[in-house]
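Novice: Here you go, sequence then predicted model.
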Amino acid sequence: MVINIIKYGAIFILLVLFQGLILNNIEFGDYVVPLLYVVFILALPFETPNWLVLIIGFVLGIFIDSFTDTLGMHTSATVFMAFGRSYLLKLIEPRGGYEFNSKPNVQFMGLTWYLLYASILVFLHHIFLFYIEAFKFTQFFFTFGRAIASTFFTMILVLIVQLFNYKSTTKS
């Protein structure tokens, strides 16, 4: 258990630093915003209590807001994503339920399941974040397009992270 806390703590710090120091400085115009830090909420084990996921989302959002100087926008979007995670997991739960001690990733759950899970949560996060940022509906279609484009780009980054974490199950 202590090993898992240290491992997730190190991943947390690396994602926050990567987002704050590298991805926030990459410009794709005003349309595409790479937000890889959401992969931390996506990667939490199924057994993680909902209250802990909400607290982790809050702390993650606070750290990202401190890098971007956005006064709680990332915090509220990340907490919204963390809140929706439990409902989505129940909605797309396999017939036999989730295996104990498994994680939501491509290796355990399959590509189709993971794409559905991750893309819905990332889209919820992005749509919430960008509409709070715009704070008006006069730019409805621009903001919606921005959320879709950023979700697509973020999902590419999330899948790249999944490729790096994939462990072969075949034995030689």
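Specialist: Nice, I can see it.

Novice: Residues contacting stretch 50-69, please?
Specialist: 12, 16, 19-21, 24, 37, 40-41, 44, 48, 70-79, 81-83, 85-86 (CB atoms under 8 Å, 6 or more residues apart in numbering). For glycine as for every other residue, the C-beta is placed from the backbone atoms N, C-alpha and C.

Novice: Now a ChimeraX select for only the buried ones of those.
Specialist: Buried residues within the contacts of stretch 50-69, by 16 or more other CB atoms under 10 Å, are selected in ChimeraX with:
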select :12,16,19,20,24,37,40,41,44,48,70,73,74,75,76,77,78,79,81,82,85
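
Novice: Which of the contacts of stretch 50-69 fall within helices?
Specialist: Residues of the contacts of stretch 50-69 located in helices (DSSP state H): 12, 16, 19-21, 40-41, 73-79, 81-83, 85-86.

Novice: I'd like to know which elements the helix or strand of the chain with the lowest mean pLDDT is packed against.
Specialist: Between all helices and strands in the chain, the lowest mean by mean pLDDT, DSSP states H and E belongs to helix 106-109, at a mean of 85. Contacts defined by 3 or more CB pairs under 8 Å, 6 or more residues apart in numbering; DSSP states H and E place helix 106-109 against helix 140-165.

Novice: Just give me how far the helix it packs on sits from the chain centre.
Specialist: Between the centre of helix 140-165 and the centre of its chain there are 10 Å (CA atoms, centre = their mean, to the nearest Å).

Novice: Go ahead and measure how far stretch 127-144 is from the middle of the chain.
Specialist: For stretch 127-144, the distance to the chain centre is 19 Å (CA atoms, centre = their mean).

Novice: Would you mark the buried spots in it?
Specialist: Counting neighbours by 16+ other CB under 10 Å, stretch 127-144 gives 127-132, 143 as buried.

Novice: Can you list which of those residues are found in helices?
Specialist: In this view, the buried residues of stretch 127-144 that belong to helices under DSSP H are 127-132, 143.

Novice: from those, which two are the most distant?
Specialist: Phe128 and Thr143 (10.9 Å; CB to CB).

Novice: Show the low-confidence segments of this structure, by residue range.
Specialist: For the chain, the stretches flagged by pLDDT under 70 are 167-172.

Novice: how much space between Tyr114 and Phe18?
Specialist: 21 Å (CB to CB, to the nearest Å).

Novice: what's the offset of stretch 118-125 from the middle of its chain?
Specialist: 7 Å.

Novice: tell me which residues in that stretch are buried?
Specialist: Those would be 118, 120-125, for stretch 118-125 by 16+ other CB under 10 Å.
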